[in-house]
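Q: Everything below, folded, please.
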Amino acid sequence: MKKLLSLIMALSMIAALLVGCGTQNADVQQGDDAEQTYTLKVHLSAPQSDPMYKACEEFKRIIEEKTNGNVTLELYPSSSLGVTQDCLEGLSMRACDVVFESLSNLSTWTELANIEAVPYMYSGVEHFNAVWKGDVGKKIFDDVGAATGLKIMGSGLQGVRVVTSTVPVQSVEDVKGLKLRVPTIDVYLKTWQWLGAAATPLPGSEIFTSLQQKTVEGQENPYTNSANMSLQEVCNYVTETNHVYSMTTFIMDQKFFSSLSADYQAAIEEAAAAAGDVCTELYLESAEEAKQVFVDAGATIYEVDLKEWLDAMDGFVEENYPNLTEYYNMILEADPTK
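A: Next comes the predicted model:
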């Protein structure tokens, strides 16, 4: 019996030692993880002169400050790390770590991402902010993330889109047959085809040359983006269709994001929210300045009959994106002015 008791006590002591060692190793590993350093590569197609770049600088500043420099960021503007789609594909391999672009760039991953660029959803900036900083925006981010394996966070206004052209566009009727460059994103192509344009998807790098060589007669972008591309040199007309409030967001690989410590995750999410606000503020400030660039260049500015354009888009979502109708209605209902 004494031998049995001695054996039990010995085994208990060994077990206690093993548990203690295991706990100590776990603590060490957790501490090492908390001190681990990362360098994150950030892609954006916008140039350094663009509000998006300045917003990214704020994103970088906050993260590096909150992590005591353990997480540093390298910013790659003007698609210097590669085109957006390649960078999105490279997130899972860490060829790129963060993409700061519009949500609709994920439309080849999930149809839901098209919702960001559906035309004529917002009554104004207040409505836009209510959507993307509220429950509706969170649901869309969560659902897109679940469908793609990506972490999506922060939202900023990238501008309100207008048409710049080499020929006058004063009405929906003038759009019919118009050779219009559109982004290489499904919802933009379908929008302008719905209105009767001869829409041609082209990368942003080809816009100026295509207009100069008359391959296309127009393009659509926010004022700021259009001025950054010097389109006032080739476009004599601007039509303020204000058809899309472009939203930009920070996109990361979900698995990589989840592998980071809770403190690092919190720092990145906080930085994304703050940078999105900076982006909105700067775009609103720069839009009038960019419009003046076109005015000073002698461009004719057309305002549109909004009801005419709204009527022309009636039924667009239901016919082209029936699966998005629920989200579309949630966005419309989130208008705080109604």
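Q: C-alpha only now, for contacts and for neighbours.
A: OK.
Q: Tell me the secondary structure of the residue lying closest to residue 193 once chain neighbours are set aside, please.
A: Nearest residue to residue 193, sequence neighbours excluded (C-alpha to C-alpha, 6 or more residues apart in numbering): residue 199, at 6.2 Å. Recorded secondary structure, residue 199: strand (DSSP: H, G, I helix; E, B strand; the rest coil).
Q: Tell me the spacing between the residue nearest to residue 253 when sequence neighbours are not counted and residue 80.
A: Nearest in space to residue 253, with sequence neighbours left out and distances taken as C-alpha to C-alpha, 6+ apart, is residue 150 at 4.6 Å. According to C-alpha to C-alpha, to the nearest Å, residue 150 and residue 80 sit 22 Å apart.
Q: Can you check the pLDDT for residue 205?
A: Note for residue 205: predicted pLDDT of 89.
Q: quick one: the helices in the stretch 101-250 of the chain?
A: Listed in chain order, the helices of the stretch 101-250 of the chain (DSSP state H, counting those that start in this stretch) span 125-132, 135-148, 172-175, 186-194, 207-212, 223-228.
Q: can I get the CA coordinates of the fifth one in CSV?
A: As requested, C-alpha coordinates have been extracted for helix 207-212 and formatted as CSV (Å, rounded to 0.1, in the frame of the first residue of the first chain):
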residue,chain,number,x,y,z
ILE,A,207,-8.0,56.6,-70.1
PHE,A,208,-6.0,59.7,-71.2
THR,A,209,-4.5,58.1,-74.3
SER,A,210,-7.9,56.5,-75.3
LEU,A,211,-9.6,59.9,-75.1
GLN,A,212,-6.7,61.6,-76.9
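Q: just checking, what packs against that helix?
A: Here helix 207-212 touches no other helix or strand, going by 3 or more C-alpha pairs under 8 Å, 6 or more residues apart in numbering; DSSP states H and E.
Q: same thing but 10 Å
A: With contacts defined as 3 or more C-alpha pairs under 10 Å, 6 or more residues apart in numbering; DSSP states H and E, helix 207-212 has these neighbours: strand 179-182, strand 218-222.
Q: Now do it: everything it contacts.
A: Applying C-alpha atoms under 10 Å, 6 or more residues apart in numbering, the contact partners of helix 207-212 are 164-166, 179-183, 202, 214-220, 226, 229-235.
Q: In TSV: the helices of the stretch 101-250 of the chain, plus distance to residue 320.
A: TSV is the format used below for the helices of the stretch 101-250 of the chain (distance: least, C-alpha to C-alpha, whole Å):
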stretch	distance to residue 320
helix 125-132	22
helix 135-148	19
helix 172-175	19
helix 186-194	8
helix 207-212	26
helix 223-228	28
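Q: quick one, which of the ones you listed is packed in tightest?
A: Ranked by mean neighbour count, those are led by helix 223-228 with a mean of 22 (mean count of other C-alpha atoms under 10 Å).
Q: Direction included, what does the longest strand anywhere in the chain pair up with?
A: The longest strand of the chain (DSSP state E) is strand 150-165. Strand 150-165 has the following strand partners under DSSP bridges: strand 218-222 (antiparallel), strand 237-240 (antiparallel), strand 245-253 (antiparallel).
Q: Now do the helix or strand hosting residue 274: distance to the chain's middle.
A: Per DSSP states H and E: residue 274 is located in helix 262-296. Helix 262-296 has its C-alpha centroid displaced from the chain centroid by 11 Å (C-alpha atoms, centre = their mean, to the nearest Å).
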